[in-house]
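Novice: Predicted model and sequence below, questions to follow.
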Amino acid sequence: MSTEAATEAALAKPVPLPDADSAPFWHGCRQDKLMIQRCRSCRSFQFPPSSVCAQCGSDQIEWVQASGKGKVFSWIVVVHPVPKPVYAADVPYVVALVELDEGVRMPTNIVGCDSSAIVADMPVEVVFKRVSEELVLPLFQPAGA
């Protein structure tokens, strides 16, 4: 498949639509930086983004670069694509919840290994997939891969 055809196919899939809360996250991804929020009041990290702290309710939220390291919290292996025409070329693929070293959990895909190699608490690190000029997705691969 040509690069152009691959991009067109990727964009046929649902894509995230940044809003006021998530725009800094997606901007960071375009710069190969994994950004999460931290509360200036209680110092807790949070994801997904919000205009207020989920722990203390403060509106004193800042964006910080995460380490990009974490561990697999949970995962599933998708083998039946729905809708089939859009995802058929991707199966099997892994949808996971990764717990970052900062303590927040992030939904993502695990790439760079066979799905049978994934285990709970497996160390992973972020890798960025450029889908288009505007869309860069944070995925995770086994640490040190």
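Specialist: Arrived safely, thanks for sending.
Novice: what does the average pLDDT come to for stretch 83-99?
Specialist: Mean pLDDT, computed over stretch 83-99, is 92.
Novice: swap in stretch 46-63?
Specialist: Mean predicted lDDT for stretch 46-63 stands at 97.
Novice: What's the end-to-end length of it?
Specialist: Distance across stretch 46-63, first residue to last, is 10 Å (C-alpha to C-alpha, to the nearest Å).
Novice: Need the residues that contact it.
Specialist: 20-22, 24-25, 28, 35-42, 44, 100, 104-106 (C-beta atoms under 8 Å, 6 or more residues apart in numbering). Using the backbone N, CA and C atoms, a C-beta is placed for each residue, glycine as well.
Novice: Give me the secondary structure label for P24.
Specialist: With DSSP: H, G, I helix; E, B strand; the rest coil as the basis, P24 sits in helix.
Novice: how deep is it tucked in, by neighbour count?
Specialist: Around P24 sit 16 other residues, with neighbours defined as other C-beta atoms under 10 Å.
Novice: what about it, distance to D32?
Specialist: 14 Å (C-beta to C-beta, to the nearest Å).
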